[in-house]
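Peer 1: Structure for this input, please:
(one chain, ligands or ions: 1)
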Amino acid sequence: MIPLDHRSRSVFLSTAALWLGLSMCWVQPGSAQAEMLTREGVHLRLTSDVANEATLDEFVSSFDAAVPQWCEFWGVPTSQISRWKIDGYLMRDESTFRSMGVLPANVPKFRYGFASPAAIWIHQQSTAHSNRHLILHEGVHALAIKLFGGGGPSWYMEGTAELLATHRDRQVDSSARPAGLLAQASNRFLINDLPQTRQESPMWGRYRVVDEARHAQRLPTLASVMKLPINLAGEVESYTWCWAAALMLTHYPDTREVFIKAARNGSDQTPAFTTKVYRQLQQQWPVIRARWQLWLNDLEYGFDPESSQVELSVDDPRYNNTRLTSSIDSKLGWQSMGAWFNKGTRLKIQGTGSCVIVDENSVATDADDLSQTRDWTSGPDGVTVKYHRGQPIGQLQWCVLPIPSPEAKSLSPLEIGSVSSNETVIVEIKKPSWLLFRIHDIPGHNGRYQRSDNRGSYEVVVSP
Ligand SMILES: [Zn+2]
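Peer 2: Below you'll find the predicted structure:
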């Protein structure tokens, strides 16, 4: 996964040029014969011993569809890369490629994929989605070397590559949607498009990693992710954190530009790169650390990076022991009371109102779904016929969110509780914190039970 330095470029170009004069040939590694196939697009010439024309064609066209989107992400005109083309090797049997000289000896052993300025190598994976993901991931590295001289340190390089390789499996996607305009839109190959279900991204596994770490209470702090060593050696867990960080920093409007512009310093893989990013975001940093904690808590299939953003500010006024009221929108994730609560503050919380938590027109996807003829209305107690993460959907929840410690390596668990209709909840603030609320629901847009079909809000009252 780590790009080679530029001295290797000429070596790769000469061997690759020799080999790729042929579009198909037979080679003899040991006693077995392997059929080689090369398919060529605008930006990728893909050679593989996985001899399936249609599959390789599809990978090449996905790659060509992704390249202009990468340029758009970086703000680079596509005219700058109109002649950019790399060789890609999708390998079932690595030794074949070694013996042919297209996988040179100075490319070290690697677990999944490897990028150089002029070529990428991928070990064949068990699904088309994983192969495509790796081809795109290594392609991002190769293009970053071309445009910026490198991808920066691990957290940034791998985070960007993961972000720009993430996509939904189009075959699953198009069959799951109705014909017409929507189907056409879904046929456009999109990068940075989050899989909504496990079926759209078999073996992707990012949400599983987050879920396991969440249960084991070892979610990393953002600072520890940004200090990951330069060689991650294909460790899936580290890639997940880099991706989650890139996803968050590119979705919040106040960090997006700094993150994307940092790509220009890609030739610097030292901690100085990270220090520069940190300095530009210094004012927001306490808020970013707190956002990160919520972000990791919420990541799962259906996660929406837009509606999951929470408004926090270090300039929020201190709570002055008055009665605060707020309306909590059922369509959004965590919502702040807009104040900063001092340590030792004792709060009374009450919630009232009702919202539509399941729209009557939302279509069921589960085989064991309950029948439905009208909207499901919920109050703060929630609807106890459908649970998510152990709590009923529609439940009014509070969260006390302190600024996570900058020294800690892993995050402390979030303090989350619920508010029933006829109850006053007492919350003690143990560290200086924000106070957030949300209406609990399953994230996402598809299926009967998901946040996006909600309507209405609850009222909360916070008093001393
Ligand atoms: Zn990589």
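Peer 1: alpha carbons only for contacts and neighbour counts from here, please
Peer 2: Noted.
Peer 1: Contacts only, for the one residue in the stretch 51-200 of the chain that gets nearest to the ion.
Peer 2: For the stretch 51-200 of the chain, the residue closest to the ion is E158, as judged by CA to the ion, at 4.9 Å. For E158, the contact set (CA atoms under 8 Å, 6 or more residues apart in numbering) comprises G151, Y239, C242, W243.
Peer 1: among the residues you listed, which are in helices?
Peer 2: The helices, defined by DSSP state H, take in Y239, C242, W243 from these.
Peer 1: E200: which of these is nearest?
Peer 2: W243 (17.9 Å; CA to CA).
Peer 1: Identify the spatial nearest neighbour of the closest one, chain neighbours not counted.
Peer 2: Excluding the flanking residues, the one nearest W243 by CA to CA, 6 or more residues apart in numbering is G159, at 4.1 Å.
Peer 1: W84 now?
Peer 2: Per CA to CA, 6+ apart, closest to W84 is H43, 5.9 Å.
Peer 1: which secondary structure elements does the helix or strand encompassing F114 contact?
Peer 2: F114 belongs to strand 113-115 when assigned by DSSP states H and E. Judged by 3 or more CA pairs under 8 Å, 6 or more residues apart in numbering; DSSP states H and E, strand 113-115 is in contact with strand 119-123, helix 128-148.
Peer 1: and that strand, is it in reach of the ion?
Peer 2: No: using CA under 5 Å from the ion, strand 113-115 never reaches the ion; the gap is at least 7.2 Å.
Peer 1: same question for that strand, mean pLDDT?
Peer 2: Averaged across strand 113-115, pLDDT comes to 96.
Peer 1: List the neighbouring strands of it plus their orientation.
Peer 2: Using DSSP bridges, the strands paired with strand 113-115 are strand 119-123 (antiparallel).
Peer 1: and the partner strand, how far from the chain's centre?
Peer 2: 22 Å (CA atoms, centre = their mean, to the nearest Å).
Peer 1: same question, stretch 283-295
Peer 2: On CA atoms, centre = their mean, the centre of stretch 283-295 falls 17 Å from that of its chain.
Peer 1: Dump the C-alpha coordinates for that stretch into CSV.
Peer 2: Extracted C-alpha coordinates of stretch 283-295, given in CSV (Å, rounded to 0.1, in the frame of the first residue of the first chain):
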residue,chain,number,x,y,z
GLN,A,283,-9.4,26.7,17.1
GLN,A,284,-11.9,23.9,16.2
TRP,A,285,-9.8,21.1,17.6
PRO,A,286,-11.8,20.5,20.9
VAL,A,287,-14.9,20.4,18.9
ILE,A,288,-13.4,18.1,16.3
ARG,A,289,-12.3,15.6,19.0
ALA,A,290,-15.9,15.6,20.4
ARG,A,291,-17.4,15.2,17.0
TRP,A,292,-15.2,12.2,16.4
GLN,A,293,-16.5,10.5,19.5
LEU,A,294,-20.1,10.8,18.2
TRP,A,295,-19.1,9.9,14.6
